[in-house]
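Chemist: turn this into a model:
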Amino acid sequence: FFIIIAMSITNLTNAIQPVIVGTWEFSTIAITKSIPLLINGCSAVDAIEIGIREVELNTDDQYFVGVGGLPNSDGIMELDAAIMDHKLRYGAVMGITDIKTPISVARTVMEKCVHNILCGEGALKWALDHGFTKESDVLTESS
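Modeler: Numbering: from 1, shown residues only. Below you'll find the predicted structure:
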């Protein structure tokens with residue numbers, strides 16, 4: 001799913017207001033978490049990472065992303081995430097396993113890796129080498 005953050009200036013007060021657009025119903029989880037952060041001065045990248053982590057960790061209103069989402073045809077939970085900043089730098093992970101918050105791994109790829117996209121075992125190795133913990137409970141009863 002996509003979340004886009006932009007800033008707009010209101011005509012009445014000339015105040016800058018955050019605008020966030022989400023593409024799926026569950027985007028509201030990320031938006032609800034991100035808006036107050038933006039209003040209180042958090043950077044857009046920080047706000048969106050925090051908001052997306054809320055979606056990835058949410059097992060109550062689960063659709064098909066994050067913990068408790070739908071596994072692949074072999075019953076393995078493979079997750080994807082991508083993030084981009086205002087300088088058009090981006091990082092992405094695809095098919096990463098055993099990590100609950102792939103958006104945070106994608107951000108470390110954006111900020112610290114010479115590559116932009118890491119996949120599968122390479123993405124997991126990167127995550128573990130950069131302080132993330134391998135977690136075996138990404139599948140739930142509802143998965």
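
Chemist: please count neighbours and contacts with C-alpha atoms only from this point.
Modeler: OK.

Chemist: what are the ranges of the strands in the chain?
Modeler: 3-9, 16-22, 79-84, 90-96, 117-119 (DSSP state E).

Chemist: format those as TSV; extra columns: mean pLDDT.
Modeler: Shown next, in TSV, are the strands of the chain (pLDDT from 0 to 100):
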stretch	mean pLDDT
strand 3-9	58
strand 16-22	77
strand 79-84	94
strand 90-96	97
strand 117-119	98
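
Chemist: could those strands be laid out in TSV, adding mean neighbour count and distance to E56?
Modeler: As requested, the strands of the chain are arranged in TSV below (neighbours: other Cα atoms under 10 Å; distance: least, Cα to Cα, whole Å):
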stretch	mean neighbour count	distance to E56
strand 3-9	14	13
strand 16-22	15	15
strand 79-84	23	9
strand 90-96	23	13
strand 117-119	19	18
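
Chemist: isn't I52 up against A30?
Modeler: Yes. Assessed by Cα atoms under 8 Å, I52 is found in contact with A30 at 5.2 Å.

Chemist: which of those two has more residues huddled nearby?
Modeler: I52 (27 against 22; other Cα atoms under 10 Å).

Chemist: OK, contacts around the more buried one?
Modeler: For I52, the contacting residues are A30, I103, by Cα atoms under 8 Å, 6 or more residues apart in numbering.

Chemist: E141 versus the most centrally placed residue in the chain, what's the distance?
Modeler: Residue closest to the mean C-alpha point of the chain, counted by Cα atoms, centre = their mean, is I103 at 3.3 Å. Here I103 is placed at a distance of 23 Å from E141 (Cα to Cα, to the nearest Å).

Chemist: go on, R53?
Modeler: 20 Å.
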